[in-house]
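Participant: this is the structure alone, sequence omitted:
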């Protein structure tokens, strides 16, 4: 016989290979078979409690949803796998516990210690795949495709699940024995199982991909997990049933994760069946009977060695699971601590930024109050200075008015004296007349402004001594802005204002001196024009006759 057959396709490299001899009872007597077992690497099952966070994830990982319950399963039981797979596809948050099928412990909530078992967040305990799936679907309102709300579709799903439990599962167990022995696979069980598969394809599927239509529902999860056991037997699975399992694997996101242990077990059993058939054919040779005694002895030795190896494998498997569990717990604890440290660091940074903002706000408020205080002081100082200047201008205006009044009184006195002299001695009438014209007492010059306009600024060039301009306080280089609120922007405008002024009239001038604006009041004086003689320009109040003037000669004669 071929003691080193090739590995089946899609099978991982085994860690070790164990062979032993089994005794098989047949109608024609005892037969000896050699069984080859491939010990594959352990399949680590991760609890879907919180997904690992990659290094490229965001700085603040999202908190995992709170689990709604705990699921206890055995990885080689179809019912456990059906409940596990449906909860994963429905995205129900839960905590998974993998229990050794030999270590089940009955309790008051679960007297038979059955798996799978669901312990809800409120303490309720439900066991069995069908009750668990119905309970979770109804209580937590999972998607309608898993357990339809429409009465006809839900009834069809319940009928398919009950048919699987009462008809399909017993016939499967008759074909797939716990020891995977060929002798337990009788023709009646195979015929009944074939009828069940035909009923599944023709009645329940009825030209659809799944019992739920185009999506998997509870009945599909239960039936597909039960049919998966056939890959560990030599039963010829119909093509439509195989296609149904293939569609289930393609449409379930977590199929490979959930069925890894079952598929590995089926691969090993399939290899064992192949080796058994080869050994049986070899032992049916004529020399097989003479080697019965030797085969029995070798069988005992192989059985003992296989038991030791199996115990070693179980211990390694449990150690690997325990190591993986500890690593997962340490990783979760480390990530939790890092998350807490990051939150604390962000809190401190936020507190520091808030303190900085408050300090800057306080400094800004203080600075603004100080600026407002300084601005108020400056405004008060400017108001005081303007008040002082206004009072000084009022005093100067009063002085100008006083002087003008004195000049008027003096002129009236002189006029009365002249009239008295004329009465005393009437002079000879003078054919020449005397005219007075307005006089300000300044000579102006026109300058360009800053905008480039030619001869647009009226500036005092000279001030006549003892003139109305000098008495009003005008100085050289004063800028005359306006005459009685009329802007002075040309020499002609100034000449027209002076020409049409009335002797003795008060004129208000707005001037700019050293950048400051002030107002001056001028009392218009007059000039004397004499015909037939020289002319001397004075103010009206200081009219001094010329020595060559006939009028002045007569006045002096009268005075003498």
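Facilitator: Okay, I see it. Keep in mind the model is a prediction, meaning the values are calculated, not measured.
Participant: okay, CA-based contacts and neighbour counts for the rest of this
Facilitator: Noted.
Participant: what ranges do the strands span in the stretch 1-150 of the chain?
Facilitator: Here the stretch 1-150 of the chain has its strands, by DSSP state E, counting those that start in this stretch, at 16-26, 29-39, 69-73, 95-98, 117-120, 125-127.
Participant: tell me if I'm right that residue 473 and residue 520 touch.
Facilitator: Yes. With contacts counted by C-alpha atoms under 8 Å, residue 473 reaches residue 520, the gap being 7.3 Å.
Participant: which of those two has more neighbours?
Facilitator: residue 520 (20 against 15; other C-alpha atoms under 10 Å).
Participant: hey, what's that one bridged with?
Facilitator: For residue 520, the beta-bridge partners under DSSP bridges are residue 509.
Participant: look up how far residue 505 lies from it.
Facilitator: Noted for residue 520: a distance of 14 Å to residue 505, by C-alpha to C-alpha, to the nearest Å.
Participant: ditto for residue 459
Facilitator: Relative to residue 505, residue 459 is positioned 22 Å away (C-alpha to C-alpha).
Participant: out of those two, which sits in the more crowded spot?
Facilitator: When residue 459 and residue 505 are compared for neighbours, residue 459 comes out ahead with 22 against 13, by other C-alpha under 10 Å.
Participant: nearest residue to that one other than its sequence neighbours?
Facilitator: Spatial nearest neighbour of residue 459, excluding adjacent residues (C-alpha to C-alpha, 6 or more residues apart in numbering): residue 479 at 4.5 Å.
Participant: for that neighbour, what are its contacts?
Facilitator: For residue 479, the contact set (C-alpha atoms under 8 Å, 6 or more residues apart in numbering) comprises 457-460, 511-513.
Participant: how far does stretch 389-408 sit from its chain's centre?
Facilitator: Distance, stretch centre to chain centre, for stretch 389-408: 76 Å (C-alpha atoms, centre = their mean, to the nearest Å).
Participant: flag every buried residue along it.
Facilitator: 393, 396-397, 400-401, 404 (16 or more other C-alpha atoms under 10 Å).
Participant: point out where the stretch 151-300 of the chain drops to low pLDDT.
Facilitator: Where the stretch 151-300 of the chain drops to pLDDT under 70, the residues are 177-186, 275, 277-294.
Participant: ranges for the helices of this structure?
Facilitator: Ranges of helices within the chain are 78-89, 129-139, 151-163, 169-175, 187-199, 218-227, 239-251, 255-283, 292-424, 468-472, 491-499, 550-559, based on DSSP state H.
Participant: dump those into a markdown table; add distance to residue 26 as well.
Facilitator: Compiled in a markdown table, the helices of the chain are given as follows (distance: least, C-alpha to C-alpha, whole Å):
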| stretch | distance to residue 26 |
| --- | --- |
| helix 78-89 | 31 |
| helix 129-139 | 38 |
| helix 151-163 | 34 |
| helix 169-175 | 18 |
| helix 187-199 | 15 |
| helix 218-227 | 28 |
| helix 239-251 | 32 |
| helix 255-283 | 11 |
| helix 292-424 | 15 |
| helix 468-472 | 150 |
| helix 491-499 | 145 |
| helix 550-559 | 178 |
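Participant: for residue 23, which of those is the nearest?
Facilitator: Proximity to residue 23 (C-alpha to C-alpha) singles out helix 292-424 among the helices of the chain, at 8.0 Å.
Participant: could you pull up the residues touching residue 193?
Facilitator: Neighbouring residues of residue 193 by C-alpha under 8 Å, 6+ apart: 168, 171-172.
Participant: if you set the cut-off to 7 Å instead, what comes out?
Facilitator: When contacts are counted by C-alpha atoms under 7 Å, 6 or more residues apart in numbering, residue 193 touches 171-172.
Participant: begin at 26, not 1, for the rest of this chat.
Facilitator: With 26 as the first residue, the last one maps to residue 218.
Participant: ok, now how distant is it from residue 263?
Facilitator: Going from residue 218 to residue 263 by C-alpha to C-alpha gives 11 Å.
Participant: what's the closest of the contacts of residue 504 to residue 109?
Facilitator: residue 537 (98.2 Å).
Participant: how many residues are close by the closest one?
Facilitator: Residues lying near residue 537 (other C-alpha under 10 Å) number 16.
Participant: is it in contact with residue 503, as I believe?
Facilitator: Yes. Taking contacts as C-alpha atoms under 7 Å, residue 537 lies within contact range of residue 503: 6.1 Å.
Participant: low-confidence regions, this structure specifically.
Facilitator: Confidence mapping of the chain against pLDDT under 70 gives the ranges 26-47, 52, 56, 58-89, 125-138, 202-211, 300, 302-319, 446-460, 553-585.
Participant: 50 - rerun?
Facilitator: 26-27, 35, 67-76, 78-84, 128, 133, 203-210, 448-459, 554-585 (pLDDT under 50).
Participant: name the member of the contacts of residue 504 with the most neighbours.
Facilitator: Most surrounded of the contacts of residue 504: other C-alpha under 10 Å gives residue 483, at 26 neighbours.
Participant: contact partners for it?
Facilitator: Neighbour list for residue 483: 469-472, 504-505, 513-515 [criterion: C-alpha under 7 Å, 6+ apart].
Participant: I'd like to know how far it sits from residue 514.
Facilitator: Applying C-alpha to C-alpha, the value for residue 483 to residue 514 is 6 Å.
Participant: and what of residue 417?
Facilitator: Between residue 417 and residue 514 the computed distance is 28 Å (C-alpha to C-alpha).
Participant: and if you look at residue 350?
Facilitator: 100 Å.
Participant: more neighbours: the two, which one.
Facilitator: Under the criterion of other C-alpha under 10 Å, the comparison of residue 350 against residue 514 puts residue 514 first, with 20 against 16.
Participant: got the contact list for the more buried one?
Facilitator: Residue 514 is in contact with 481-483, counting by C-alpha under 7 Å, 6+ apart.
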